[in-house]
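> 3D, please:
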Amino acid sequence: MTELWCPHMRAPQRFKEKMLHPPQISVGVWWIIAAIVTAIFLAVCVPLMPTRKYKIRIACAPLLGVVFLAAAASLRGHDMGRVLSIYSTVMIAFPVGIIGRGKELKEAAAQEQRALGGYSEPPPLKLTVQLSSAIVGACMVWVWLSWG
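Residues are numbered from 1 along each chain as shown. This next block holds a predicted model:
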């Protein structure tokens, strides 16, 4: 008998088997992914930073990320694969979130320097939307990779 599928009924087993499952990525491959993502992060983010101060800060971000995640992982008992997957997905979100927004980054940095600790205007909306979308997208990819 042919099964018909209706949105209100449970999906047939053969339909469930065709759904997209996350790949099983080994720790060695995560190390390679983390190295590539770090290189992409530095290659995209450092040149887009408007001042030397920001370039130095952003260049230190991967190191700080590794130190923070290693400490958090040891306290919580996470394995290295989980830590590297978190690191990789977070580090790729930032280049994706700011690529093509060099002008807006320079404007935001200039506004911050003019404010000198006072009120500065929020960053441009396009930059905020792109960066926020990239971070949310990276988190969704990580959840899919972790729990499928």
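> poorly predicted segments of this structure, please.
Where the chain drops to pLDDT under 70, the residues are 1-19, 116-118, 148.
> mind listing the helices for it?
In the chain, the segments counted as helices under DSSP state H are 13-17, 27-48, 52-76, 80-98, 102-115, 125-147.
> would you format these as TSV with mean neighbour count included?
For glycine as for every other residue, the C-beta is placed from the backbone atoms N, C-alpha and C. Listed next are the helices of the chain as TSV, based on neighbours: other Cβ atoms under 10 Å:
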stretch	mean neighbour count
helix 13-17	9
helix 27-48	16
helix 52-76	13
helix 80-98	20
helix 102-115	15
helix 125-147	14
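> residues making contact with stretch 76-95?
25-27, 30-31, 33-34, 37-38, 40-41, 43-45, 61-62, 65-66, 69-70, 72-73, 131, 134-135, 137-139, 141-142, 145-146 (Cβ atoms under 8 Å, 6 or more residues apart in numbering).
> how about a cut-off of 7 Å?
27, 30-31, 33-34, 37-38, 40-41, 44-45, 62, 65-66, 69-70, 73, 134-135, 138, 141-142, 145-146 (Cβ atoms under 7 Å, 6 or more residues apart in numbering).
> check stretch 46-65 too.
38, 41, 42, 45, 87, 90, 91, 98, 102, 105, 106, 109.
> roughly how far does the residue nearest to residue 123 when sequence neighbours are not counted sit from residue 22?
Closest residue to residue 123 apart from its sequence neighbours, by Cβ to Cβ, 6 or more residues apart in numbering: residue 108 at 4.4 Å. According to Cβ to Cβ, to the nearest Å, residue 108 stands 36 Å off from residue 22.
> okay, the contacts of stretch 46-65 in JSON lines with distance to residue 80 next?
What follows is the contacts of stretch 46-65, written out as JSON lines (distance: Cβ to Cβ, whole Å):
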{"residue": "38", "distance to residue 80": "16"}
{"residue": "41", "distance to residue 80": "20"}
{"residue": "42", "distance to residue 80": "22"}
{"residue": "45", "distance to residue 80": "25"}
{"residue": "87", "distance to residue 80": "10"}
{"residue": "90", "distance to residue 80": "16"}
{"residue": "91", "distance to residue 80": "16"}
{"residue": "98", "distance to residue 80": "28"}
{"residue": "102", "distance to residue 80": "35"}
{"residue": "105", "distance to residue 80": "33"}
{"residue": "106", "distance to residue 80": "38"}
{"residue": "109", "distance to residue 80": "36"}
